Structures are given as C-alpha cells and as structure tokens.
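Engineer: sharing a model that was predicted from the sequence below.
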Amino acid sequence: MTKLSVNINKIATLRNSRGGNVPNLLKVATDIENFGAEGITIHPRPDERHIRYQDARDLKKTVTTEYNIEGNPIKSFMDLVLEVKPTQVTLVPDAVNAITSNAGWDTINHQAFLKEVIAEFQKNGIRTSIFIDTDLKLIEAAAQTGTDRIELYTEHFASEFEKGNKGAVKSYTDAAVLAHQLGLGINAGHDLSLDNIQFFKENIPNLAEVSIGHALIAESLYLGLENVVSMYLHRLK
C-alpha cells in the first residue's frame with residue numbers, strides 16, 4: 001500500500017498571514033494523523049515564509065507517523081535536520097526565491113555533493129530521498145549516490161493529465177521500474193490531487209509514498225466549507 005504524507009506548509013502560510021497561532025500547526029498535524037494519514041511533510045525555506053525552523057523542532061515532539069523534512073541542503077537546513085532527526089529527509093534543489101519546487105536534481109553533475117550530504121544524514125539514522133525528474137540517466141546516477149529513495153517530480157504528469165494526456169505517465173512508470181531494479185524506494189509528489197492520484201498510483205509500480213500538500217489543503221477547503229457554514233448558521237439561529 002502506498003503511504004500518504006500530508007505537506008502542511010499551506011497551514012503555516014495561513015497562520016503566518018495573520019500572526020498568532022491560528023490555525024494551530026501542531027493540532028492540524030495531529031488531526032491529519034488521526035484522520036488516517038501515514039506521514040507529515042514540511043518544507044522549511046531559509047526565509048521561513050511558511051514553515052519556521054522552530055515548527056520543525058516542535059513537530060518532532062508531536063508527529064507519531066513518518067516525519068519527512070524537505071529542502072535544499074544548505075548548511076542551515078542540514079543543521080536543522082541533523083538536530084531534529086526526522087524519519088526521512090528529501091533533498092530538493094530549490095532556489096532561495098522559488099515560490100515552489102520546480103526541478104529535480106541533476107544527479108550526474110551534483111553526484112559528489114549528494115554523496116557527501118546523503119552519507120551525513122544516513123550516518124545519523126535518517127532515511128534519504130532525492131527529488132528527481134524521470135530521465136533514466138539521472139535515476140541511474142541517483143542510485144550511485146547511495147540514497148535510499150527517490151521522489152519523482154510529478155508536475156509534468158499532473159499538467160498533462162489535466163489536458164487529457166494520460167500517456168504522460170509512461171516516463172514515470174519507466175523511471176519507477178528502473179529505480180526498483182536499482183534497489184531504490186520510490187516516492188512521488190508535486191501537483192498530485194484527487195483528480196489524478198488514483199490513475200498515477202495504478203501506473204507506478206512499487207510506489208511507497210506520496211507527499212501532497214497544496215491540492216489536498218485546497219480540496220479540504222472546498223469539501224469542508226458547506227459543513228462549516230452550516231455550523232455557523234446553526235449557532236446563529
């Protein structure tokens with residue numbers, strides 16, 4: 001069975017936009033686990049515009065399922081992860097000013113760097129994953145870094161699926177087959193949603209985990225609004 005890890009960055013964005021502690025990030029994480037999710041994902045960035053470094057520390061005390069921290073392994077990020085020791089660290093080559101992750105690693109040109117970083121995390125008992133595109137040469141090079149898993153960057157699939165091009169999943173299937181043959185675990189994430197997740201799952205063999213945030217939170221707003229509005233109306237009667 002493929003595990004669902006919920007990215008709660010958007011909850012932190014909402015909290016930070018007003019100040020204070022509403023919504024309460026720790027309570028939301030606990031509720032998501034109680035609702036059945038098998039993991040919590042965060043992606044702290046250097047400017048702390050959504051998840052703060054202190055959030056990463058605080059969540060360590062409350063998350064009881066898999067705890068996944070994503071980010072670019074700059075020194076401050078590495079120090080944080082080595083302090084918190086989550087279940088998994090996902091290495092993402094995002095620029096400081098990136099709105100969201102928009103590319104996977106070039107595991108060929110950055111192989112020496114990735115080997116060093118991965119070895120440091122693994123030495124501290126932290127499972128490692130590399131955010132990556134479906135180029136088979138990059139998958140092969142990823143295996144040579146010593147990483148435990150890869151996370152397939154699924155933006156292209158999601159975009160093409162929305163246009164009706166279901167054939168776009170083939171490169172992901174091929175990448176997953178090769179990764180499994182090379183002994184790598186397979187995660188996936190970015191723009192996966194209720195609309196495309198079942199089709200994606202059915203076409204990706206050995207898919208261990210998906211990390212979903214933006215779509216899941218947006219869908220929760222839509223699917224939960226009617227209930228909340230009704231609760232307000234009931235209280236106002």
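Structural biologist: Alright, I've got the coordinates.

Engineer: what's the burial count for Leu223?
Structural biologist: Neighbour count for Leu223, taken as other CB atoms under 10 Å: 10. For the C-beta atoms, the positions are set from N, CA and C on the backbone; glycine is no exception.

Engineer: give me the helices and strands touching whichever strand or helix holds it, please.
Structural biologist: Using DSSP states H and E, Leu223 maps to helix 214-236. Applying 3 or more CB pairs under 8 Å, 6 or more residues apart in numbering; DSSP states H and E, one finds that helix 214-236 contacts strand 3-7, helix 9-18.

Engineer: what's the most buried one of these?
Structural biologist: Here the criterion is mean neighbour count by mean count of other CB atoms under 10 Å, and of those the winner is strand 3-7, at a mean of 22.

Engineer: sheet partners, orientation included, of it?
Structural biologist: Strand 3-7 has its sheet partners listed here by DSSP bridges as strand 39-42 (parallel), strand 207-212 (parallel).

Engineer: how far is the first one from where the chain is centred?
Structural biologist: Yep, that's strand 39-42 we're talking about. Taking CA atoms, centre = their mean, to the nearest Å, one finds the center of strand 39-42 at 7 Å from the center of the full chain.

Engineer: give me the contacts around it.
Structural biologist: With contact meaning CB atoms under 8 Å, 6 or more residues apart in numbering, strand 39-42 is reached by 3-9, 12, 29, 32-33, 51, 55-56, 59, 63, 65-70, 87, 90, 189, 209, 211, 213.

Engineer: show the buried residues in those.
Structural biologist: Among the contacts of strand 39-42, those classed as buried by 16 or more other CB atoms under 10 Å are 4-9, 12, 29, 32-33, 51, 55-56, 59, 63, 65-70, 87, 90, 189, 209, 211, 213.
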